[in-house]
Structure formats: C-alpha cells, structure tokens
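**Q** Quick one, structure for this:
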Amino acid sequence: MRRVAVLVSGGGTNLQALIDARDAGALPHARLVLVLSSKADAFALKRAERAGIPARAVPRKNYADAAAYDAALLEALQAHNIDVVVLAGFLSVIGPRVLAAYPNRILNVHPSLIPAFCGDGFYGLKVHEAALARGVKLSGATVHFVNEIVDGGEILLQKAVEVQPDDTAETLQQRVMEQAEWILLPQAVEMLCATIS
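**A** Prediction:
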C-alpha cells in the first residue's frame, strides 16, 4: 500500500472525494497519511482532521522564497515516507527539489480538458470564466502528472462535461467537480498506487 500526501489550499472538496473513495474501499493500494495546506485557514485541514488524517499548514508566506518553500515541503513529505503526492486545489507551484524527489509520482487535477484553459493564471473560477467566454460546448477535468511546466505533465485521465446555455462560472465549476474531478482523482490515485513497484 502506497503512502499518499494530499496538498491543498482551500475547501478540500477533492480531498473529500479521496476520503470518500477510501471509506468506500475504492483505494485498496493507497493510504492517505498526510494533508499539507498552503493556507493556515483552509477548511481542508478540518476535513482531514475529521477523517483521521494527520494535517498541517505550511503557509507559503512563512518562507523567504520559492526555494525555501520547496525545501520545507520536501522535508514534510520525506518525514512521513510519502510515496505519492496529490495536488488537490493546491495553489502553489511545486519546485524542482520536490519534482526531483517524486518523478512521475505527483498528480494534479485541473478543471478543464487540457490543453484548453490551463497553465499560468488558470485556476479556480478563472478556468470556468475563460471556458464560458470562449463559448465552448464541452468542458471537463484532467488528471495529469506534474512536471516543471504548469499543467504540462503527461495526461492520465480526462472526462468531458457538457456546458449548459445558462451556466455561470459557479454552476459550471460545481458540475465539473461533481461529474469529473471527484470521479477522476480517486481513479488516478488508485491507478498510480497500484502500478508503483
């Protein structure tokens, strides 16, 4: 069973999807052992606590620069003997030391069908606002490996979601989460954990 850390910054809905999958027996090769948050007041920390997962905040603002933050994240991950890292709404860029320590072992869920609406500046509602502004008929979510390019790693899974004529960014965001993100992320985590030798 692989030891998984989930990195969060906000409400933790994707973390909750992983917790629910664990509780349903859908993650037989994955053990959720750590939640790290880039924000001290993230509700995701409460979700982790309620689910019995050790959790702590590692606020980006407490570190002088990106390299110091990268080192702090790596130290926390290694202290818990983490095998797989999952970015679930984590709003900080993963640095080179963490990337080097976890090649093809860091997953991210992104709320669009990459390569559409991804890269620097595309996160949260901004993704859905861009999709609606462009007039796309399909949106969705992607789970991909994390590399040095924002949203640029190899794609593992994608799922399309229909855009409705009366959608707002908020309604589209909710539908993409429910119909794609919360389904794909647990599947991808189990896939990866099951294939690591």
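
**Q** ranges for the strands of this structure?
**A** Under the criterion DSSP state E, the chain contains strands at 2-8, 30-37, 55-57, 84-87, 106-110, 138-145, 155-162.

**Q** Tell me which strands the fourth one pairs with, and in which orientation.
**A** Each strand that strand 84-87 pairs with, and the sense of that pairing, follows from DSSP bridges: strand 2-8 (parallel), strand 106-110 (parallel).

**Q** Can you tell me what sits against the shortest one?
**A** Under the criterion CB atoms under 8 Å, 6 or more residues apart in numbering, residues 14, 84-90, 94, 98-99, 118, 122, 127, 141-146, 151, 153, 156, 181, 184-185, 188-189, 192 lie in contact with strand 106-110. Placement of C-beta: from N, CA and C, glycine included.

**Q** and with 7 Å instead?
**A** For strand 106-110, contacts defined as CB atoms under 7 Å, 6 or more residues apart in numbering pick out 14, 85-88, 94, 118, 141-146, 151, 181, 184-185, 188-189, 192.

**Q** what about stretch 96-115, how long is it end to end?
**A** Chord length of stretch 96-115, first to last residue, is 23 Å (CA to CA, to the nearest Å).

**Q** Would you enumerate the residues in contact with residue 33?
**A** Per CB under 7 Å, 6+ apart, neighbours of residue 33: 3, 4, 5, 53, 54, 80.

**Q** Quick check: beta-bridge partners of the first one?
**A** What it means is residue 3. residue 31.

**Q** Give the rounded mean pLDDT of stretch 83-101.
**A** Averaged across stretch 83-101, pLDDT comes to 96.

**Q** Next, the distance between the ends of it.
**A** End-to-end for stretch 83-101, by CA to CA: 10 Å.

**Q** re earlier: could you redo the strands of the chain as JSON lines and give each row distance to residue 22?
**A** Shown next, in JSON lines, are the strands of the chain (distance: least, CB to CB, whole Å):
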{"stretch": "strand 2-8", "distance to residue 22": "9"}
{"stretch": "strand 30-37", "distance to residue 22": "6"}
{"stretch": "strand 55-57", "distance to residue 22": "15"}
{"stretch": "strand 84-87", "distance to residue 22": "12"}
{"stretch": "strand 106-110", "distance to residue 22": "15"}
{"stretch": "strand 138-145", "distance to residue 22": "17"}
{"stretch": "strand 155-162", "distance to residue 22": "18"}
